[in-house]
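In: I would like to see how this sequence folds:
(one chain, ligands or ions: 1)
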Amino acid sequence: MDESAAYYEQYLSTTQLAVVKTHFGDGLFTKCDANIGEQVIEDAPLIAYPLPARHYAHYATKGKTNGFCFTCLRMFQEGEIPVLCSHHSQQCLHTYCSEQCRDRSWLNGHWLLCLDWNRPAYAYIQALYSEETYSDYVVAEIIAGLISKTMIMVINGRTYEDAIEHVFKPYKMLFGFTNPVIYKVNLPQKYKKIRSLFQMSTRKLNFIQDEIPIEILDLFVCPEIHSYVMSLIAFNAVAIQDRGIGIYSTLSKLNHSCEPNCNVKFDERCDAILEIEKPVQAGQELYISYIDDKMDRNQRRKELQEGWGFVCQCTKCQRGE
Ligand SMILES: C[S@@+](CC[C@H](N)C(=O)[O-])C[C@H]1O[C@@H](n2cnc3c(N)ncnc32)[C@H](O)[C@@H]1O
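Out: Below is the predicted model:
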């Protein structure tokens, strides 16, 4: 069993699914027959973020709409009182559906990106929220999460190597395939901005005793990780209805077909449910469609090439349909 298959085995051991090497890198396979409508896995996101437009709508109409949780993306119900960021005083408008979601967001790096807590980096953080630089904002959030989780593990007694391996592995495994398209546009400029932002975050924090060690900054805030994370967002992020985006470990292993046998639905939070659309037999690969598969072949191939950087090799395209 290769590294990727072995890694995913721990998540899939309670399901009838397996990650297997294919012509397109890894793919997700079923180990048993399944019928239309069967839900074969429910996958919680590794990370999920609201769309920036949602931030703005929320900022603009604060107090007038029900809002949503910035961690699990659940929309608040009529009359529900949101939990605010613990450091909210003026600028941070992050709202959560529970203290658990609030604390998860803080440990996942919100302490680095909170407009009220990280005042020295205020202008840099503000710039990340603009709509044009959505991927900058998400890259910064992901890298903040990597730094935060690594620091917490080191404080709890793990070695740097061990902590970094543990924290980065889920992201490393997502990108198992070799994709020729890696985003490198304006990279030095982009990663330097985020580095300056994190360097300013040197105040003593209540759960982290030290400043961000230079080893961690060097490791996670560098052109290689920046371009890797940007590519992850481009190729693996899934749109969650009109709420935001999520990156999912297992779903990221689903290859595309223009005649898919599965589709993905989301529950009221952003957990994804993979549902069978056409009967499948044990040993078959599961496919979703990344695009609107009703388009003609040229349009489909163009979208896949431009959006995901590959020439579609699915059965329908191979038949020339
Ligand atoms: C979300 S990943 C799917 C899992 C991926 N195969 C892996 O190894 O992790 C998407 C990538 O898989 C490959 N891929 C998926 N569907 C394909 C298809 N129909 N034809 C060719 N390559 C495909 C492309 O490299 C694409 O960018």
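
In: switch to C-alpha atoms for all contacts and neighbour counts from now on
Out: Will do.

In: in the sheet, who's paired with the closest residue to A18 other than its chain neighbours?
Out: In space, not counting the residues next to it along the chain, A18 is nearest to F29; the distance is 5.3 Å by C-alpha to C-alpha, 6 or more residues apart in numbering. Applying DSSP bridges to F29 gives these bridge partners: A18, E285.

In: Isn't F29 up against V20?
Out: Yes. Counting by C-alpha atoms under 8 Å, F29 sits close enough to V20 to count as a contact (6.8 Å).

In: of those two, who's got more company?
Out: Neighbour tally, F29 and V20, criterion other C-alpha atoms under 10 Å: the higher count belongs to F29, 22 against 18.

In: just to revisit the earlier point, what's the residue nearest to A18 in contact with, if anything?
Out: The neighbourhood of F29, defined by C-alpha atoms under 8 Å, 6 or more residues apart in numbering, consists of L17, A18, V19, V20, G283, Q284, E285, L286.

In: And for A60, the neighbour number?
Out: Residues lying near A60 (other C-alpha under 10 Å) number 11.

In: mind listing the helices for the protein?
Out: 3-12, 52-60, 99-105, 111-113, 122-128, 134-155, 160-174, 187-199, 214-220, 223-236, 297-308, 315-318 (DSSP state H).

In: Would you mind finding the most buried of these?
Out: For the helices of the chain, ranked by mean neighbour count under the definition mean count of other C-alpha atoms under 10 Å, the leader is helix 111-113 at a mean of 24.

In: about what we covered before: want to try JSON lines for the helices of the chain, with distance to R74 and mean pLDDT as columns?
Out: Rendered in JSON lines, the data for the helices of the chain read as follows (distance: least, C-alpha to C-alpha, whole Å; pLDDT from 0 to 100):
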{"stretch": "helix 3-12", "distance to R74": "24", "mean pLDDT": "87"}
{"stretch": "helix 52-60", "distance to R74": "12", "mean pLDDT": "72"}
{"stretch": "helix 99-105", "distance to R74": "11", "mean pLDDT": "95"}
{"stretch": "helix 111-113", "distance to R74": "21", "mean pLDDT": "87"}
{"stretch": "helix 122-128", "distance to R74": "23", "mean pLDDT": "82"}
{"stretch": "helix 134-155", "distance to R74": "19", "mean pLDDT": "86"}
{"stretch": "helix 160-174", "distance to R74": "24", "mean pLDDT": "89"}
{"stretch": "helix 187-199", "distance to R74": "28", "mean pLDDT": "80"}
{"stretch": "helix 214-220", "distance to R74": "30", "mean pLDDT": "85"}
{"stretch": "helix 223-236", "distance to R74": "21", "mean pLDDT": "85"}
{"stretch": "helix 297-308", "distance to R74": "28", "mean pLDDT": "91"}
{"stretch": "helix 315-318", "distance to R74": "37", "mean pLDDT": "94"}
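
In: Dump the ones you listed to CSV, plus distance to P279.
Out: Compiled in CSV, the helices of the chain are given as follows (distance: least, C-alpha to C-alpha, whole Å):
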stretch, distance to P279
helix 3-12, 21
helix 52-60, 37
helix 99-105, 37
helix 111-113, 46
helix 122-128, 45
helix 134-155, 37
helix 160-174, 27
helix 187-199, 45
helix 214-220, 44
helix 223-236, 26
helix 297-308, 24
helix 315-318, 16
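
In: about what we covered before: what separates the residue nearest to A18 from the ligand, distance-wise?
Out: In this structure, F29 and the ligand are 12 Å apart, going by C-alpha to the nearest ligand atom, to the nearest Å.

In: Model confidence for that residue, exactly?
Out: The predicted structure scores F29 at 97 on the pLDDT scale.

In: Please, a ChimeraX command that selects the buried ones among the contacts of F29?
Out: In ChimeraX, a selection of the buried entries from the contacts of F29 looks like this (16 or more other C-alpha atoms under 10 Å):
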select :17,18,19,20,285,286
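
In: any idea which of the contacts of F29 is closest to M173?
Out: Relative to M173, the closest of the contacts of F29 is V19; by C-alpha to C-alpha it sits at 11.3 Å.

In: Could you report the separation of that closest one from L187?
Out: Separation of V19 from L187 (C-alpha to C-alpha, to the nearest Å) stands at 32 Å.

In: quick one on the thing from earlier: so can I have a markdown table of the helices of the chain showing distance to the ligand?
Out: What follows is the helices of the chain, written out as a markdown table (distance: least, C-alpha to the nearest ligand atom, whole Å):
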| stretch | distance to the ligand |
| --- | --- |
| helix 3-12 | 9 |
| helix 52-60 | 23 |
| helix 99-105 | 25 |
| helix 111-113 | 28 |
| helix 122-128 | 26 |
| helix 134-155 | 17 |
| helix 160-174 | 6 |
| helix 187-199 | 21 |
| helix 214-220 | 22 |
| helix 223-236 | 5 |
| helix 297-308 | 5 |
| helix 315-318 | 8 |
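
In: Of all those helices, which one comes closest to F76?
Out: The stretch from these with the least distance to F76 (C-alpha to C-alpha) is helix 52-60; that distance is 11.8 Å.
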